[in-house]
Each structure stands twice: as structure tokens, then as C-alpha cells.
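1. Pasting a predicted model and its sequence here:
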Amino acid sequence: MSNTETRPAELACGSKTAEPPRPGVEVLTARSVPLGGPRAMTVRRTLPQRARTLIGAWCFADHYGPDDVSLTGGMDVAPHPHTGLQTVSWLFSGEIEHRDSLGSHAFVRPGELNLMTGGHGISHSEVSTPRTTLLHGVQLWVALPEEHRGAARNFQHHVPEAVPLDGGWARVFLGSLAGAMSPVRTFTPLLGAELSLAPGTTVVLDVDAGFEHGVLVDAGDIRFDGTALRPTELGYATPGRTTLTLVNDSAEPARLVLLGGPPFGEEIVMWWNFIGRSHEEIAQARSDWMNTSRFGTVHGYDGPPLPAPTLPAVPLKPRGRPTGLDR
């Protein structure tokens, strides 16, 4: 998915010093972002924000739907570029047609992972299909570490099986959890999973103590290590935990997306659909998108590519990771 804001904020994220483990869970609320046009589909963005810009290498999280495409027109994102990241597409309902400059033509369907590696540069389009009535899911980005920022373009597809939990199930699309391991390649250790919790149940998950974790609530009222989370909220937990406790206080099944990874030890700059390390690098990527063939061509999309927004006139002022839960 593209960041289609016409005046995207320029963000410097990350820190070269990992924060120490701290108790408690930080609750992050989303902001609404339209994907363009008067009948725009609106997404709820929980990463990045001022309170927290990264969870491991996860640097971007959009949560959308259930969206009635007869009212909004659904998703229609023209070809647009990416650098320095991997995109992770995960649906709960609906279907999205994906085309990219590798020549990939694939469909995003519920319970199926599509992961695209941008590296030095890739472009793609995303369009909800005529078969879609309700569009509902998440779009996530993963920052690539310095040594892999120039990685070759790539596209991976994986259909994880549901593994049972004591009171629910999990689909592990990246990393490992509850005895399941994803074969999909990433460039830093990561965890990504959809969880379903039955009403009134408590699930305790064994996790890597070196990871920080985020729990994004799609449906249900839950408690994450004792902290209440409501739908659309994201709970953040610092490293140091060997288990995560999730309680579904709802009368209905709860649906969550669990993200994790070790603290990302590099500063990154995010602007529009690019991730780099400096203002100058972002400016070069923008210029290349508008003027060169660096990002390749997307074939099969009916319409022109997205133009890049104008860069801000004010120079970038770096901003690092928060230093704890008691800012």
C-alpha cells in the first residue's frame, strides 16, 4: 500500500542504543488517513507516530475496514515506488490485485501473506477486485537494515496453517510462534501473526525475551499483560518478557495482530513511500521516481503512476526512539 498523503511528514526514527526493559504496556491510538479522493477509503495508522516509531523493524502499520467498497470505491492505488523496506499485506476479508515491476501478478486473500521487497527500488499497484464487498485487513512495512538496503526486488507468497492455542488459534506469517515457523525470508528477526481468542479465554504465549512486541486489536476488548486494549488500539511491550498474556474479556471472539522483533539499532528516515538514512537520500529517490527508470514499470494497471509529493522546504530534524514508557 502506498502512503498517499499529499503532505507526508518526514520522520527520523530509531536509535543506536536499545532501550532497557521496562514494565507495563504502552497504549498507542491510531490516526485516520484517507487514501485519496472524496469517497476515499480511510485507514487507521498506528505506526509511525510521535509516541513510537518502530516495533522491532516494523515501521508502518495501517489497519482498515471492514470497508463497504460499494460506498467508498474500495482500494485503487496506482503504481508507486518503495525503497529500503519490505511490504507485508494481510487481509481478513476481501481481495486485492497486486502488480509490480518484477512482473508479479498476484492476489492478496484472507489468511495469505504477500511480502514484497523494495530494497534499491520497486514499484507496484494495489486494486480491490470486483469480487470484494467488504475490504478489511492490515498493511505493514518492515525497515531493511543497512547491509540489505540495496537488496534485489523480490516477491514472496505464503499460506500459513492455523495452529491451535489453548483457547484460540494463530496463523504465523513471519517468524515463529506456538511451534509454527514461517519459511518467508526477512532481513532481521521478526514475528508476525494473526491471533483469534475465544470469548472469556486467557492465552499465554512463549516469546523471545530479546524482542519488543506490539498487539494490534482488530476485534474484541482484551487485556495485554494486564493492560486493557480496545479495537484499533496497539499495545506496546518492551523487551525482557519471556511470555505474553492475552485475555479476551469480550462475549465474542477477539482478533489480534501480533508483531515483534529485536529493537532496530539504526536511525531511518521515512517520507512518503521511501525509507532512507538522510534527507538527501530521500530527495534522490523522489527525483529518480519522477525522472528515471530506477523503479521499473508496472504493467497491467489502467492509469498513470502516482506523482511524488513535493518535498518539505524545511530540512529534516532527526527524532529518535522514546526512552521508555514514562516519557
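-> Nice, I can see it.

2. P130: how many residues sit nearby?
-> 10 (other Cβ atoms under 10 Å). Every residue, glycine included, has its C-beta placed from N, CA and C.

3. And for V88?
-> That count, for V88 with other Cβ under 10 Å as the rule, works out to 25.

4. Please name the nearest non-neighbouring residue to it.
-> Leaving aside its sequence neighbours, V88 sits nearest to L140 (Cβ to Cβ, 6 or more residues apart in numbering; 4.1 Å).

5. so who does that neighbour touch?
-> W58, F60, A61, D62, T87, V88, S89, W90, G192, L259 (Cβ atoms under 8 Å, 6 or more residues apart in numbering).

6. same check, this time on F187
-> F187 touches A57, Q86, V142, L144, P145, H148, A151, counting by Cβ under 8 Å, 6+ apart.

7. In the sheet, which residues pair with the second one? Tell me.
-> It stands for Q86. With DSSP bridges as the criterion, Q86 is bridged to T117, V142.

8. thinking again about what came up before, may I see the contacts of L140 organised as a markdown table, with secondary structure, distance to L71 and pLDDT added?
-> Shown next, in a markdown table, are the contacts of L140 (DSSP: H, G, I helix; E, B strand; the rest coil; distance: Cβ to Cβ, whole Å; pLDDT from 0 to 100):
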| residue | secondary structure | distance to L71 | pLDDT |
| --- | --- | --- | --- |
| W58 | strand | 30 | 97 |
| F60 | strand | 26 | 96 |
| A61 | strand | 24 | 97 |
| D62 | strand | 19 | 97 |
| T87 | strand | 26 | 98 |
| V88 | strand | 27 | 98 |
| S89 | strand | 22 | 97 |
| W90 | strand | 23 | 98 |
| G192 | strand | 30 | 98 |
| L259 | strand | 30 | 98 |
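
9. Look through this structure and tell me its longest helix.
-> helix 279-291 (DSSP state H).

10. As PDB, could you dump the C-alpha coordinates of stretch 79-95?
-> Extracted as PDB, the C-alpha positions of stretch 79-95 are listed here (Å, rounded to 0.1, in the frame of the first residue of the first chain):
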ATOM      1  CA  PRO A  79       1.800   2.400  -9.400                       C
ATOM      2  CA  HIS A  80       4.000   3.900  -6.800                       C
ATOM      3  CA  PRO A  81       7.600   3.400  -5.600                       C
ATOM      4  CA  HIS A  82       9.300   1.900  -2.500                       C
ATOM      5  CA  THR A  83      12.900   1.900  -1.200                       C
ATOM      6  CA  GLY A  84      14.600   0.400   1.800                       C
ATOM      7  CA  LEU A  85      11.700  -1.700   3.000                       C
ATOM      8  CA  GLN A  86       9.500  -4.800   2.700                       C
ATOM      9  CA  THR A  87       5.700  -4.500   2.400                       C
ATOM     10  CA  VAL A  88       3.500  -7.100   4.200                       C
ATOM     11  CA  SER A  89      -0.100  -7.400   3.100                       C
ATOM     12  CA  TRP A  90      -2.600  -9.400   5.300                       C
ATOM     13  CA  LEU A  91      -6.300  -9.500   4.800                       C
ATOM     14  CA  PHE A  92      -9.300 -10.500   7.000                       C
ATOM     15  CA  SER A  93     -11.800 -10.200   4.200                       C
ATOM     16  CA  GLY A  94     -11.900  -9.100   0.500                       C
ATOM     17  CA  GLU A  95      -9.300  -9.500  -2.200                       C
END
